[in-house]
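1. Here you go, sequence then predicted model.
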Amino acid sequence: MNKSRRLFSQGQRQALFIGAGAFFTGLLLLAMISIVLLIAARGGGYFWPQDVHRVSFLSSVDDQPKTVFAQIQSEYMQDGQKMRWLQLSDAQSPYGRQILLESNRTLSLARAPEAARVALKDGRVVLAEPVSVESPESTSIAVARIDAVRENVAQIDARITAIRDDALSQIHLQLTELDQRKVSKNAPARKKLNKAFDRWHSQVLELERQRDSYRLNLQLAQGDDISIPLMDVYSLEHTGQLTAVGKLGVALNRVGRFLTESPKQANTAGGVFPALFGTVLMVFLMTIIVTPFGVLAAVYLNEYAPDNAMTSIIRICVSNMAGVPSIVYGVFGLGFFIYGVGGSLDQLFFEQSLPAPTMGTPGVFWAALTMAILTLPVVIVATEEGLRNVPQGLKAGSYALGATKAETVWHTILPMASPGIMTGVILAIARAAGEVAPLMLVGAVKFAPNLPVDAEFPYLHLERQFMHLGVLIYDGAFHSQTDAKSASMMFAACLLLLVVVFILNILAILLRARLRRRYERR
Amino acid sequence: MRQIAFNTHISGKFNTELEDLRNSVLTMGGEVEQQLIDTLKAIRLNHSGLAEKVALNDLRINSMEIQIDKECMRIIAKRHPTASDLRLVMIISKAITDIERMGDEIERMARLVTKQKIPNSESVKSSMLSIGEKVVAMMRGTFDAFARQDDNSALEVYDQDNRIDSEYKRLLAYIVKEMESSNESMQDWLEILWALRSLERVGDRCKNICEYVVTLTRGEDIRHTPLENLSQTLENLE
Amino acid sequence: MLKLFDHEHLDLDNLSDDLTAIRVEDLSLQFGNKHVLENISMRIPKHRVTALIGQSGCGKSTLISSFNRMNDLNPQCRYQGQIYIGDRDINNKKQNVSELRTQVGMVFQRPNPFPMSIYENVCYGLKLQGIKVRRQLDDAVERALKDAALWKEVKDRLFESASVLSGGQQQRLVIARALALKPDILLLDEPTSALDPLTTLFIEELIAELKHRCTIIIVTHNMQQAARVSDYTAFLHQGRLIEYSDSDTLFTTPEQKQTEDYITGRYG
């Protein structure tokens, strides 16, 4: 072969190869960076307090000029016009609505440091200028003292709760007991109870009236006054008057709430704690299930199984299982675990509650089990790799000291293979935390009223449905294409999911590094 | 002077083996020294029984040579000695040849007694015994230097050979004069000359061993170096 | 006649039973279809160091491994003939292999300490035997490490990982690990081939010490080493025992031409 007749010379081919490799690696890096940056920017933006603006514009309804307080949620250019999504509060809808405003209808737009963002406990938001705080004693307390006043409100609220929980519920119980014993309506005991009930009840009413007379007075942009019970106020952020550090404080506060509170307004506001908790719990359960199964299977395949065609076939099957689409596992979980196994369990142990299913319904345990099956091949393959890397000399050393095969596996081979096992578990965790489709079939829901763990016996309710970050994101993406705010929440949840997977991975990698230091020489 | 420590190997067994080897050479040397002393005594007293014993004892010395040689070979094969260890084994292997030959020379002198060929001349006999005493001293010094690996004293002993040689030459000249006036047969005189020659050879072999000691401690072969150059060579070594 | 040197040369063909540690009778062994050992018969003397030498693939490692049935780990291994330790035939299928291996310790080419602390390494075999009493273990560890000449170096860091030790220390640790079980016989399969020359000398000196405690059989590629450490040497060639005698004779005046050629480096 004449080398010079080739299209490229040896050196050129090499350069081409290196160039192409570097190019694609760079592309990959760029893609990764942009993913992380986008998620971090959009998700992080959800927490960063935005300035409140005073916006004047021509209403699209009646072409009259209008002034409102608004926050700009997003901006983009269309047909040479700047389009802005605004979250605003006006006299018609003080609790906020969104409009799309073209720049040619905009009369003025300026920051309004006097205006505040008042978030209500149900998730709604009012943008207005705080005027004063009202209490039963005084009608014009300075807004700056709002925290002290809210303290009073909280005290009153606590008293109401105390009365409800202790006295009233006691009386309720006693009344029910009387009902059960069919005591006549005019019995003196019942009368006495009724009287006590009335007394407590009126006290509660009085307290509630007192509580509701604590109010926050606000003024909208066009001068309309509104008054909100202080009880309903969740937070008051004077973002316009905050320094960057102050804003950071507000943002961190929001992050904290995001992580610890439940969603509001159909997953468009509030926190994601149940989803976070559900995700971590499900992954945790899955890890507990998949690790022993995967490790035992790998040990059998690598150490005990005879070296024949059957073993090879099993190995190939295991590798192929890793490639099965995840939705197939979801369907399998639903059909086999929930309807099959769960249904049978119901018939065996929970017959009294049929036809309402107890176990035969999607739940966190079945979800964990399904994910365990889904991640099993990953764990088996990685563990086998780890087992193969155990030096032959170490095994021989163990046998030479009189150890049996089982003792050698337990005392020497498994500890040495533990970094490999950890690698498998890391991969399994990453896979399980990110799955959505199969989970929606076997137990993850948009909204679960209860956490799978609570103070009620048996504390861990494996049959309960749970919320999952992936499902929350999926749900958020379908809410409304125009709902920029909930889209932001979706990004925030996405960021959180990323962080969760990252933290789980870091933990596992640290653990693996520790094991490596201990068990791998050189 | 550098003292070589032969008992500092990691292998304790090797230390013992080398120590045993050196001791065996000294044992053999002591044996030969005793042979010479006994021979001189036999000549002085004309004690043929003692002379017989010396002749018989030479077989022991021969057997020692074989044993030590074998041990040297064994050590070389099994321990692969190097540097000072190797020099030690090699010079021992050579030294025992010299020692064994000393034994043979001494045996030849002892034959003088058994064959009743002791010179009648009292002066020849006393001169012979005086050379013998000097050779005994030299031999003692040689083995002492070997035992202590003391090259300086080895060189001192080395110098003693010159005096022995000159005394030997003087005696030879004297014997030639004596022979003319003597009534003894030429045969007898030859026996005496051979015996004297042997005694002188013993001194030469002691000289060889001294050279080996220097080789061992300084790692330099000083054989065949003219005496005038020797001091120069040794100075360079210091 | 005066005897200047005292070297023991036992008559290996007619060794009395109370001096015999291992009696091999007509041992043949094959892996699959490959014959590795053929008709080996020999008596290995007690409390001596016996070296097995020969080219790679001559079967010396296989022979030493058959003394504690390590060849069983290869499923293709088949053997005929008897190996007696005391009066037990260890090739008997009913033989408890685990128990045998506690009595016949083995040390391999590469130091292979377990990834645990020094203390746990030495305890490994004892714990497998069910010994759990802390004081008993402490005593055994100290004794074994002292026997392996390692105690002084590690007594202050018994609970550190064994991997911090140097190669020579690791190999001595592995020897201590075997000694902790008080074996009658210690098999060393090229114990110094992964170590530097000086460390090798230390291990060899240790072997010379240890022969007072147990019978030692060593396989080595290094002829000089065999010459240095062994009292008796067996030369194997293509699965056959060619010459077996005391090392002094074998290394100075071998009887067989094949032996002469091998130890003088005249072939392969």
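-> Looks like it came in fine. Just so it is clear, the structure is predicted and the values come from calculations on it, not from any experiment.

2. dump the residue contacts of the residue of chain B found nearest chain A.
-> Closest to chain A within chain B is B:Ile10: 26.2 Å, counting by CB to the nearest CB. Yep, even glycine has a C-beta here, placed from its N, CA and C like the rest. Counting by CB atoms under 8 Å, 6 or more residues apart in numbering or on different chains, B:Ile10 touches C:Leu198, C:Leu201, C:Phe202, C:Glu204, C:Glu205.

3. swap the cut-off to 7 Å and go again
-> B:Ile10 makes contacts with C:Leu201, C:Phe202, C:Glu205, as judged by CB atoms under 7 Å, 6 or more residues apart in numbering or on different chains.

4. Tell me the spatial nearest neighbour of the residue most central in space within chain B, not counting adjacent residues.
-> Closest residue to the average C-alpha location of chain B: B:Cys206 at 3.8 Å, with CA atoms, centre = their mean. Nearest non-adjacent residue to B:Cys206, counting by CB to CB, 6 or more residues apart in numbering or on different chains: B:Thr142, 4.4 Å away.

5. burial of that neighbour, as a residue count?
-> 30 (other CB atoms under 10 Å in any protein chain shown).

6. Sort out for me which of the contacts of B:Ile10 are in helices.
-> C:Leu201, C:Phe202, C:Glu205 (DSSP state H).

7. OK, contacts around the first one?
-> Residues touching C:Leu201, when contacts are defined by CB under 7 Å, 6+ apart, comprise B:Ile10, B:Ser11.

8. quick check, the host helix or strand of B:Thr16 touching chain C?
-> Assigned by DSSP states H and E, B:Thr16 falls within helix B:12-45. Yes: under the criterion of CB under 7 Å from any CB of the partner chain, chain C is reached by helix B:12-45 at B:Gly12, B:Lys13, B:Asp20, B:Ser24, B:Thr27.

9. So which residues on the stretch 1-150 of chain C come close to chain A?
-> Residues of the stretch 1-150 of chain C lying near chain A (CB under 7 Å from any CB): C:68, C:70, C:73, C:98-99, C:101-102, C:105-106, C:108, C:110, C:112, C:114-115, C:124-125, C:128.

10. which one of the ones in helices among the contacts of B:Ile10 is nearest A:Ile163?
-> C:Phe202 (85.1 Å; CB to CB).

11. what's the neighbour count on the closest one?
-> Other residues close to C:Phe202 by other CB under 10 Å number 18.

12. C:Gly167 is in contact with that one, correct?
-> No: at 11.0 Å, C:Phe202 does not count as touching C:Gly167 under the criterion of CB atoms under 7 Å.

13. ok, back up a step: go ahead and confirm the residue nearest to B:Cys206 touches B:Val157.
-> Yes: B:Thr142 lies in contact with B:Val157 (CB under 7 Å); the separation is 5.3 Å.

14. which neighbours do those two share?
-> Contacts common to B:Thr142 and B:Val157, judged by CB under 7 Å, 6+ apart, are B:Cys206, B:Cys210.

15. Pick the one among the ones in helices among the contacts of B:Ile10 closest to A:Gly246.
-> The closest of the ones in helices among the contacts of B:Ile10, once distances to A:Gly246 are taken by CB to CB, is C:Phe202, at 70.5 Å.

16. before we move on, the earlier item: now the residue of chain B closest to chain A: closest residue in space, sequence neighbours ignored.
-> C:Leu201 (4.3 Å).

17. on that earlier part again, rebuild the contacts of B:Ile10 as CSV, extending it with distance to A:Leu27.
-> Formatted as CSV, the contacts of B:Ile10 follow (distance: CB to CB, whole Å):
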residue, distance to A:Leu27
C:Leu201, 59
C:Phe202, 58
C:Glu205, 63
